[in-house]
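Trainee: need coordinates for the following:
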Amino acid sequence: MATPPTGGVLSSPQTKPGWSLLGNSLHAREVRLAWLLIAPTALIVFGLVLFPALFSIWISFRDIGLNNLNDVLNAPFVGMKNYGAVVNDFSFKYNDLANMGAAVTSIVYSVAATVLTVMVGLAAALLLNQPFRARGLSRAIFLFPYVAPIVSVAFVWRWMLDPKPSGVINYLLMEASLIDRPVAWLATRGWALVLVIIFEAWRYFPFAMLMILARLQAVDSTLYEAAKVDGANAWQRFLNITLPELRYVIGAIFLLRLIWTFNKFDDIFLLTGGGFGTKVLPVLTYEFSFRLFDFGKGAAASMILLAILVVFLILYVRFVMRNADA
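Mentor: Numbering: from 1, shown residues only. You can find the predicted model right below:
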């Protein structure tokens, strides 16, 4: 019976995984190089993401204010007191439709803005998918709300909605005899929430438009040609061809935008400061921490926000990514 060769690569002893960083073999050098290359990114992620998140969890169980901010590590442990204080706070609780509380306002704002964003993005994508002159220029113009700095567009909207008679919206409506006197749009309950929802949809519909447009251009044109031959009109082609082809993309966009909108702070803060029925959980977290200087309560509010976002993330992974892989 022939014995296997003793030389060559096949007969070399296997390197133990635990000692792969040591030695001067090619495999050990590659492993060290790999760790060296990912080390800067790993340090940045740990310093800017993981450590602040873990530290916020720790703070949420402590009583921390300006009086002991210089000695945070020795702050007294209060258990779930901060969480109870957030849930029982008048700004968090639901009272009626006029005073919905931050939690309910966040849900209404996020769902309504996301639905409107997807609908406007879908309409824009269907329009820009048609052949017409200057289509490329039109696509670039449609991207303006998404690429413009948030501070500049927010202040343009505030200028347009200025409560004075010289405000653009008030001036146009008064000239058209639709209103008798100027309206403080961003300082009126109901209107303020509607307007920040419209602003959110206007600012982020280009993201939905780009994703949907990319999928539309990958749809086989022969499907539409066959439907035309069968006598299907434009609405029937949209319902039976376009929507089924876009269902996974629209689902992914909806859940991603829902997660991002639920976590939004700057849009509402720049427009209304969270007042007049537009106070959402990110704004409430800011107020607890940097207006009331109750950092434990602010951290508890941020952990509640994180828990809700995790639920959205689970839904995204379960219903969107799984279906996309199927």
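Trainee: tell me if I'm right that Thr188 and Thr278 touch.
Mentor: No: applying C-beta atoms under 8 Å as the test, Thr188 and Thr278 come out as separate, 10.8 Å apart. Glycine gets a C-beta too; all of them are placed from N, C-alpha and C.
Trainee: compare those two (neighbour count), which wins?
Mentor: Neighbour count, other C-beta atoms under 10 Å: between Thr188 and Thr278, Thr278 has more, with 24 against 15.
Trainee: for the more buried one, what is the enclosing helix or strand?
Mentor: Assigned by DSSP states H and E, Thr278 belongs to no helix or strand.
Trainee: quick one: contacts for it?
Mentor: Thr105, Tyr109, Ala192, Leu193, Val196, Ile268, Leu271, Thr272 (C-beta atoms under 8 Å, 6 or more residues apart in numbering).
Trainee: over to the closest residue to the third one other than its chain neighbours: give its phi and psi.
Mentor: Spatial nearest neighbour of Ala192, chain neighbours left out: Phe276 (4.1 Å); criterion: C-beta to C-beta, 6 or more residues apart in numbering. Backbone dihedrals for Phe276, given as degrees, to the nearest 10, come out at phi 60, psi 40.
Trainee: looking at Phe276 now. What's its pLDDT?
Mentor: In this model, Phe276 is scored at 87, pLDDT.
Trainee: and the contacts of Thr278, which two are the farthest apart?
Mentor: Thr105 and Leu271 (13.9 Å; C-beta to C-beta).
Trainee: could you check which of these two is surrounded by more residues?
Mentor: The residue with more neighbours, out of Thr105 and Leu271, is Thr105; 24 against 21, by other C-beta under 10 Å.
Trainee: buried set for the host helix or strand of that one?
Mentor: Per DSSP H and E: Thr105 is located in helix 101-128. Using 16 or more other C-beta atoms under 10 Å as the test for burial, helix 101-128 gives 101-110, 112-114, 116-118, 120-122, 124-126, 128.
Trainee: quick one on the thing from earlier: the residue nearest to Ala192 touches Trp185, doesn't it?
Mentor: No: using C-beta under 8 Å, Phe276 makes no contact with Trp185, being 9.7 Å away.
Trainee: higher neighbour count, those two?
Mentor: Neighbour tally, Phe276 and Trp185, criterion other C-beta under 10 Å: the higher count belongs to Trp185, 21 against 18.
Trainee: residue contacts, the more buried one?
Mentor: Leu161, Pro163, Ile169, Trp191, Ala192, Leu195 are the contacts of Trp185 under C-beta under 8 Å, 6+ apart.
Trainee: nearest spatial neighbour of it, skipping sequence neighbours?
Mentor: Closest to Trp185 by C-beta to C-beta, 6+ apart is Leu161, at 4.4 Å.
Trainee: show me the contacts for Thr76.
Mentor: Quick fix: residue 76 is Pro, not Thr. Arg62, Asp63.
Trainee: ramachandran coordinates for it?
Mentor: Dihedral angles (degrees, to the nearest 10) for Pro76: phi -70, psi 140.
Trainee: show the pLDDT at it.
Mentor: As predicted, Pro76 sits at a pLDDT of 90.
Trainee: from Thr285, how far out is it?
Mentor: According to C-beta to C-beta, to the nearest Å, Pro76 stands 21 Å off from Thr285.
Trainee: which stretches in the stretch 151-300 of the chain count as helices?
Mentor: In the stretch 151-300 of the chain, the helices defined using DSSP state H, counting those that start in this stretch lie at 168-175, 191-216, 221-229, 234-237, 243-262, 266-271, 281-290, 295-315.
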